[in-house]
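*Asks:* Structure, please.
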Amino acid sequence: MTQSYLIALGSNRPGRHGGPRAEIRAALAAIGATRASPIMTTAPLGPSNRAYANAVARIEDEADPPALLARLKAIEHDFGRRRGRRWGARVIDLDIIAWSGGIWRSPGLTVPHRALRERDFVLTPLVALAADWRDPVTGLSARQLHARLTRRRALPNRQKRW
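*Replies:* Predicted coordinates for the structure are as follows:
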């Protein structure tokens, strides 16, 4: 049975396809994206000092989440990604952020992605692609999750509005 997946893509290091944006475009083709957000430039997290190119894509696939994850990791390896420092520079990063089956939990994989709700570099392109997608954990739309994240960041000292 065919499933729909939302995949987050990120790159902040040139590879054999060119700069980070070219790596994202090549990865979109490699994963068979049916639709994709615009590629966005975002600030790095952690020790990396290189800006990232980020996007979110929709794909259709018959694989279950662990099988798709294995294929995504093989694509990352083929692009030249090597495991190392957690927040280090990378040619390509491919993460399953959601799937049409709702919630999946197994060793090494949780869908929706655990950090989805805390990452503007995922939520911004997700809103551009599928603003009305609903998180099966919170019931909130991508647009609402993004608004909560950006509103929380905009408040001084993370104080709540009364």
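*Asks:* Return the list of helices and strands in contact with the longest helix seen in the chain.
*Replies:* For the chain, the longest helix by residue count, based on DSSP state H, is helix 65-79. For helix 65-79, the contact count by 3 or more C-beta pairs under 8 Å, 6 or more residues apart in numbering; DSSP states H and E identifies strand 3-11, helix 20-31, strand 93-99, strand 104-106, strand 109-111 as packing neighbours. The way it works is simple: take the backbone N, C-alpha and C, and place the C-beta from them, glycine included.
*Asks:* Return the most buried member of these.
*Replies:* Of the helices and strands packed on helix 65-79, the one with the most neighbours on average (mean count of other C-beta atoms under 10 Å) is strand 3-11, at a mean of 23.
*Asks:* what's it packed up against?
*Replies:* helix 20-31, strand 52-61, helix 65-79, strand 93-99, helix 120-130.
*Asks:* Would you convert those into a markdown table that also reports distance to T150 and mean pLDDT?
*Replies:* Rendered in a markdown table, the data for the helices and strands packed on strand 3-11 read as follows (distance: least, C-beta to C-beta, whole Å; pLDDT from 0 to 100):
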| stretch | distance to T150 | mean pLDDT |
| --- | --- | --- |
| helix 20-31 | 23 | 98 |
| strand 52-61 | 16 | 97 |
| helix 65-79 | 28 | 96 |
| strand 93-99 | 18 | 96 |
| helix 120-130 | 7 | 97 |
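*Asks:* Nearest to L6, out of the ones you listed?
*Replies:* Using C-beta to C-beta as the measure, strand 93-99 is the one of those that comes nearest L6, at 4.2 Å.
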